[in-house]
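K.L.:
can you look at this prediction? I've put the sequence above it.
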Amino acid sequence: MKNDGIDRRALLALGGLAASAAAAPGMLQAMPDHAALRVQGPLPDRWGRGIEGQRRADLGNGMFRNPVLAGDYPDPSILKDGDDYYLTHSSFDAAPGLLIWHSRDLVNWVPVGPALAHPIAVGFAVDLVKHDGRYFIYIPFIPAPWSATVRDASQIHVIHADAITGPWSEPVDLGLRGSIDPGHVVGEDGKRYLFLSGVERVQLADDGLSTVGPVSHAYDGWKYPDTWITEAYALEGPKLLRRGEWFYLITAVGGTSGPATGHMVTAARARSIHGPWQDCPHNPIVRTRDEGEAWWSRGHATAIEGPRGQWYFVYHGYENGYRTLGRQTLLEPFAWTDDGWPRATGGDLSQPLPMPTGRAGGPHGFARSDSFASNALGTRWTTYGVSPADAGRIAVGGGTLVLPGRGSGPGDGFVLTQGVGDRAYEISVTVECAGEVEAGLLLFYNRRLFLGMGIDGAAMKSYRGGMPMYWREPAPATRTLQLRIINDHNIVSFYYSHDGQTWTRHAIRSEVSGYNANTSDDLASLRPALFAAGKGQAVFRDFRYRALG
């Protein structure tokens, strides 16, 4: 690791991702439809625009507009490491998981790579820390049907590495059961501790790879009035820092989805890691108070010092009108009051804020288009709800992605997903069926909720609401077809083509704003996906992505 920024191997990998965008020319060709007309003029300038027109927070004029990471990047855990910042998020069913991001200004982020090559179950909110020159990620794993070891209760594990770029260890079991949301801190005694949802506390061994003694209750949490409209009390997400003579405990209450006014950020402090904890007199320090605000359900915050000594909260929230995009990563400045409490100063987060560095930054994000010349699993693509062994059956290279068939459809098939952070976008791919397989292109929320198209050589099958449509689209019987989906601000249209020049619009359109956590009770997002079902295999070529505004 060099002192002037991210490891060069990671930058080279990013260059490969960005280069694929240049290889994906404009996608809207010979499509006589309102969606084509939307993008003939310049894209709206409310946000900056990056690779493939993707929105970016940096406005290029010394200001930024949230989100700093658009799309489903929930439960952010951020680490300041000298002049560098590193960030990772809950990755849930994704494999590989725990994509790590790097920044120098807290606004522009580029991927380093995935830290969790072989998830053992569903990964929830983690804590990324550095201690004595070594990196650690503390991970709660939640039971999953495909997991061989996490079946009955949540378990907290840790992975570790000498460098942020890895290689990272396999998960080490800390023997903690029934808790989530670990938060690491070093006490006034020099010992290491994990705080857990609840809020509970347990001491760690000096190497951070095991626990010492029992779990004990640490903090009751600040109580909001019972008349407030929230999802549930849900004391969770403890993140800790030491400043001067005080330890600060930042927590989330109110539930992470549910009503827009539910999730919130609270603070407490103590002179000892063992308490007693004093609640902040102006709790909650972050909360959505009205459904008219731009960002809903804001919470799960970490306090971090910025590049010029200013302080910020990094947390997640739902975008008003676009819960389908999941919980996005937000950045809000805060100030320390004269009596030593944090007070958020971001105000209306729909408005621009000064860049933490005072100037525009560098590269951000990566290309989502994929020529399948090389393997981008863990960055551009992740598997959904399959074991690491099954994930190893994917073949990528030479211009093709090959997925093995399994199950009978998208609900139990082999699904590969990719995140998205734009309010309107188009995706397309060439699909070829080999053997007894159905394959296609989806917008996928979870195995119960998705929509899209599949072909099997005999007919097209259309999906909506997580099930086959009654409508039988009269698409040609073929084993190879180009498919396209346009999501125009939650209005979704399907298209198909033989040659990539002349496109036929599917007869059915869908409105998808309801594909979100409050409908399906799953903390996810609606995102592009490829699938293969049956006994054969599916061959995909030339996946293209383009933001439409």
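P.N.:
Nice, thanks for sending it over.
K.L.:
can we go C-alpha only for contacts and neighbour counts from here?
P.N.:
Will do.
K.L.:
where does pLDDT dip in the stretch 401-549 of the chain?
P.N.:
In the prediction, the stretch 401-549 of the chain carries no residues with pLDDT under 70.
K.L.:
now do the helices in it.
P.N.:
Taking DSSP state H, counting those that start in this stretch, the helices of the stretch 401-549 of the chain run over residues 517-520.
K.L.:
residues in contact with stretch 234-246?
P.N.:
With contact meaning CA atoms under 8 Å, 6 or more residues apart in numbering, stretch 234-246 is reached by 125, 181-185, 195-199, 221, 247-255, 269-272, 300-303.
K.L.:
please redo it, this time with the cut-off set to 6 Å
P.N.:
Stretch 234-246 is contacted from outside by 181, 183, 197-198, 247-255, 270-271, 300, 302, using CA atoms under 6 Å, 6 or more residues apart in numbering.
K.L.:
of those residues, keep whichever come out buried.
P.N.:
Those of the contacts of stretch 234-246 that meet the buried threshold are 181, 183, 197-198, 247-255, 270-271, 300, 302, by 16 or more other CA atoms under 10 Å.
K.L.:
in strands, which of those residues appear?
P.N.:
Residues of those located in strands (DSSP state E): 183, 247, 248, 249, 250, 251, 252, 253, 270, 300, 302.
K.L.:
which residues sit in contact with the last one?
P.N.:
Pointing back at residue 302 there. 239, 313, 314 are the contacts of residue 302 under CA under 6 Å, 6+ apart.
K.L.:
next: the second one.
P.N.:
With contacts defined as CA under 6 Å, 6+ apart, the neighbours of residue 247 are 241, 269, 270, 271.
K.L.:
of the residues you listed, closest to residue 415?
P.N.:
For the contacts of residue 247, the residue nearest residue 415 by CA to CA is residue 241; the value is 39.5 Å.
K.L.:
you'd agree that closest one is in a strand?
P.N.:
Yes. Assessed by DSSP: H, G, I helix; E, B strand; the rest coil, residue 241 belongs to a strand.
K.L.:
bridging residues for it?
P.N.:
Using DSSP bridges, the bridge partners assigned to residue 241 are residue 248.
K.L.:
how close does it get to residue 267?
P.N.:
As judged by CA to CA, to the nearest Å, residue 241 and residue 267 stand 11 Å apart.
K.L.:
out of these two, which sits in the more crowded spot?
P.N.:
Neighbours per residue (other CA atoms under 10 Å) separate residue 241 from residue 267, with residue 267 holding more: 27 against 19.
K.L.:
setting aside sequence neighbours, what's the nearest residue to the more buried one?
P.N.:
residue 250 (4.6 Å; CA to CA, 6 or more residues apart in numbering).
K.L.:
return the residues in contact with that neighbour.
P.N.:
Listed by CA under 6 Å, 6+ apart, the contact partners of residue 250 are 238, 239, 266, 267.
K.L.:
just to revisit the earlier point, can you put the contacts of residue 247 in JSON lines and add distance to residue 288?
P.N.:
Formatted as JSON lines, the contacts of residue 247 follow (distance: CA to CA, whole Å):
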{"residue": "241", "distance to residue 288": "24"}
{"residue": "269", "distance to residue 288": "23"}
{"residue": "270", "distance to residue 288": "27"}
{"residue": "271", "distance to residue 288": "30"}
